[in-house]
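Q: what's the 3D shape of this:
(chains A and B)
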Amino acid sequence: MIASLPPGLPLIVGALLIPLIPGAARRVWTVLLPAIGLWGLVALAPGSHPGFSFLGAEIVPVRVDGLSLIFGYIFHIVAILGAIYALHVRDPAQQAAGMIYAGSGIGAVFAGDLITLFVYWEAMAVSSVILIWARGGARAYRAGMRYLIIQIGSGVLLLSGAILQLRATGSIAFEAMALDSLFSWLVFLAFGIKCAFPFLHNWLQDAYPEATVTGTVFLSAFTTKAAVYALARGFPGTELLIYIGAAMTAFPIFYAVIENDLRRVLAYSLNNQLGFMVVGVGIGTPLAINGAAGHAFAHILYKALLFMSMGAVLYRVGTIKGSELGGLYKSMPLTTVFCIVGAASISAFPLFSGFVAKSLTLSAVAYEGYAVIWLILMFASAGVFHHSGIKIPYFAFFAHDSGKRCREAPWNMLVAMGATAVLCIALGMHAPLLYAILPNPETYEPYTPTHVIGQLQLLMFSALAFSVLIRYRIYPPELRSTNLDVDWLYRRGLPRLVGRGAHALAIGWRSLLDLSLDGLAAAVGSVTRHHRPGGFLARTWPLGSTTLWIAVLLGGVLLISYL
Amino acid sequence: MTETPDSAPTRRRWLDRPGSVDKIYWSVVAVCAGLLPLDFFYHKHTELEIERYFGFYGIYGFVCCVFLVLAAKELRKLLMRGEDYYDR
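A: Numbers count the residues shown, from 1 in each chain, chains lettered A, B, ... in the order given. This is a model prediction of the structure:
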């Protein structure tokens, strides 16, 4: 029965029941739901399932192939892990929102047409913002509002693109398209916003760190990776994506180095990781698409693990600012170990999941001869290790002992982190686990001497650089600060511009008003002057001169009528 | 798990001992020193010209990281504002 439902729908329908289920059963239900969904997905038949016609457009709610399946699997898996991590949460709004969000993400990667995609696209936006607002307070409210406006904006672009495509081609099928028409550009831009392209990226770093402890774990998984899927489906082999992706890998890491909020550091690093996937999509060869999808799969796990460990610190200590943390390995030894596993995975250490996933993309880039892009990706790889691999565990758990002592993370968080860590190591140690579900049948061997030794050299020398910089006190300390990014434009720049514009408008209006009033006063003055008693027009005129003027007027009329 | 912050014994850890951090530092140096000469002992299967140079990965990683940190430090001068910048 489950297998006949569109993927994602069981989670959405089940989530609607959440408020009706009492206490502990409700929390178990949140873990069961994605597990049931995964069970249904495994039994799902491949191919496009029959759809229906709606306003002249062919709606295909379910299209199952290798590309959608790998995203479908990992979305279910991370939903289960996230639900375990959130077992202590008692707020039904967050529980339901998390499941609707996961269900919409899953639905999106199985959508066979742009309208279905749009519906899930917007459902993701609306459900996920609840995970931000649930944090409470004005800061979270405002961050959520900015997030929602941008996400909905992306949906509007997608819908506009879909409608234009329908008018131009008569079809809303979601297939690979070229960037040669307005509708494909609109769709591209919609995906680009959710994929956090440079200059469109800042909603991610703005909103994710403001969400709840458990909400950020959910947020880190779905929206951006659904966008990676959408790009891989809609724009594989689009060369522009190679350059966009390379820029995405490089610039966020500078911010990650100086950012104090460790969950925001992870958000910048998430942006950098998306860059690798976008480059893979841009290269577009079967190996590169495998790289993008495999990287997304591995990334969702280790990024969730890192957000879980930082969430556990925030939950126990009450802050996640690097400047106030340090020495927590004494209080939270297990969380420390899990964080280090996540850090090793994202840094692509051999035997961890990032290594087997990222190698695919790096090799694909090298095979196609993009040397400069490859060098940028290697720079970004060293940078990832630097800020996510070392900085995150170092400033949270080691560095200078902040003197903060707390309890270890709650048991459910430990179980979720432990299970995620096991998956990260299992994928790294046994690459065929991941390679078996990649969309294209390509053979690839990550564990060659060149790959392993090269990667170890890259990483260990990056560690050496960190050690030297810390030892000689060159490394910038963690400071309580805000770093300006593109969001400044719409949080300060635009309001200021509007403020100044409004000011100028007010001054202009005032002058206009003054001028008109002066003019009016002059006109009234002149009328009064002529008509007041004794005025020129109020005088009594002699009959003769009046007759003369009438004759002149009549003569004028006669003249005009003859002309 | 049952430890409360107050009753937690202030046990002295290995990392707290003077000299431990030095030991970690020199181990990293030693590992790097050990990894570099490996380039002599295997045949590199490379796609790009630059990968073939001796010690490319190590040197590139080191230079990149130092550049990254120094550049980010300079960026702070341009980008850093007070923590309450957007709340004011």
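
Q: Can you pull out the low-pLDDT segments for chain B?
A: Chain B contains residues with pLDDT under 70 at B:1-11.

Q: Centre-most residue in it?
A: The centre of chain B sits closest to B:C65, judged by Cα atoms, centre = their mean, with a distance of 8.1 Å.

Q: How much space separates that one from A:G47?
A: Separation of B:C65 from A:G47 (Cβ to Cβ, to the nearest Å): 48 Å. In this view, the C-beta of every residue, glycine as well, is placed from N, C-alpha and C.

Q: for A:I390, same thing?
A: Counting by Cβ to Cβ, the gap from A:I390 to A:G47 is 46 Å.

Q: So which of those two has more stuff around it?
A: Higher neighbour count among A:I390 and A:G47: A:I390, with 22 against 9, using other Cβ atoms under 10 Å in any protein chain shown.

Q: ok now do B:S20, which residues does it touch?
A: B:W14 (Cβ atoms under 8 Å, 6 or more residues apart in numbering or on different chains).

Q: typo on my end, it should be A:Y435
A: Taking Cβ under 8 Å, 6+ apart as the criterion, A:Y435 is in contact with A:290, A:294, A:356, A:444.

Q: of these, the lowest pLDDT goes to which?
A: Least confident of the contacts of A:Y435 in the model: A:Y444, at 88.

Q: hang on, isn't that one packed against A:P286?
A: No. Shown here, A:Y444 and A:P286 do not form a contact pair, counting by Cβ atoms under 8 Å, at 10.3 Å.

Q: and stretch B:71-82 with chain A, contact?
A: Yes. Counting by Cβ under 8 Å from any Cβ of the partner chain, contacts between stretch B:71-82 and chain A involve B:71-73, B:75-76, B:78-82.

Q: And stretch A:484-495, what's buried?
A: Of all the residues in stretch A:484-495, those buried under the rule 16 or more other Cβ atoms under 10 Å in any protein chain shown are A:484-488, A:491.

Q: What about chain B: which of those residues touch it?
A: Under the cut-off given by Cβ under 8 Å from any Cβ, chain B has A:484-485, A:491 from those close to it.

Q: Closest to chain B out of these?
A: Using Cβ to the nearest Cβ, A:L484 is the member of these that sits closest to chain B, with 4.6 Å.

Q: ok, for the closest one, nearest residue in space, not its chain neighbours?
A: Using Cβ to Cβ, 6 or more residues apart in numbering or on different chains and skipping residues adjacent in sequence, the residue nearest A:L484 is B:L79, 4.6 Å away.

Q: How about A:N412?
A: With Cβ to Cβ, 6+ apart, the residue lying closest to A:N412 is A:L87, at 3.8 Å.

Q: what secondary structure does that neighbour sit in?
A: Following DSSP: H, G, I helix; E, B strand; the rest coil, we place A:L87 in the coil state.

Q: I'd say it and A:A409 touch.
A: No. Using Cβ under 8 Å, A:L87 is not in contact with A:A409; the gap is 12.0 Å.

Q: Which of the two has more residues huddled nearby?
A: Per other Cβ under 10 Å, whichever of A:L87 and A:A409 has more neighbours is A:A409, with 26 against 20.

Q: Let me know the distance separating that one from A:L423.
A: Distance from A:A409 to A:L423, by Cβ to Cβ: 18 Å.

Q: Now do the strands in chain B.
A: For chain B, the strands defined by DSSP state E cover B:80-81.

Q: biggest helix in it by residues?
A: helix B:56-79 (DSSP state H).

Q: Only the buried residues of whatever helix or strand A:H451 lives in, if you could.
A: Using DSSP states H and E, A:H451 sits in helix A:449-471. Buried positions in helix A:449-471, judged by neighbour count with 16+ other Cβ under 10 Å: A:451-470.

Q: helices or strands next to it in the packing?
A: If contacts are counted by 3 or more Cβ pairs under 8 Å, 6 or more residues apart in numbering or on different chains; DSSP states H and E, helix A:449-471 sits against helix A:353-367, helix A:371-384, helix B:20-35, helix B:56-79.

Q: is any part of the helix or strand just after that helix close to chain B?
A: With elements assigned by DSSP H and E, the helix or strand that comes after helix A:449-471 is strand A:482-483. Yes. Judged by Cβ under 8 Å from any Cβ, strand A:482-483 comes into contact with chain B at A:482-483.

Q: same check, this time on stretch A:305-323
A: No. Using Cβ under 8 Å from any Cβ, stretch A:305-323 never reaches chain B; the gap is at least 8.7 Å.

Q: Flag every buried residue along that stretch.
A: Buried, per 16+ other Cβ under 10 Å, within stretch A:305-323: A:305-317, A:320-323.

Q: Any stretches of chain A with poor pLDDT?
A: A:1-4.

Q: if you set the cut-off to 80 instead, what comes out?
A: A:1-4, A:45-51, A:55-56, A:533-544, A:563 (pLDDT under 80).

Q: What does A:P410 show for phi and psi?
A: phi -60, psi 160 (degrees, to the nearest 10).

Q: In this structure it contacts A:V89, no?
A: No. Shown here, A:P410 and A:V89 do not form a contact pair, counting by Cβ under 8 Å, at 10.6 Å.

Q: more crowded one of these two?
A: Using other Cβ under 10 Å, the more surrounded residue of A:P410 and A:V89 is A:V89, with 20 against 16.

Q: Tell me the spacing between the more buried one and chain B.
A: Distance check for A:V89 against chain B: by Cβ to the nearest Cβ, to the nearest Å, it reads 20 Å.

Q: For that residue, list the residues it contacts.
A: Residues in contact with A:V89 (Cβ under 8 Å, 6+ apart) are A:27, A:95, A:212, A:214.

Q: Where does A:A178 sit: helix, strand or coil?
A: State at A:A178, reduced to three classes by three-state DSSP: coil.

Q: From A:T482, how far off is the closest residue to it other than its chain neighbours?
A: The spatial neighbour of A:A178 that comes closest, neighbours along the chain excluded (Cβ to Cβ, 6+ apart), is A:S184 at 6.4 Å. Separation of A:S184 from A:T482 (Cβ to Cβ) stands at 37 Å.
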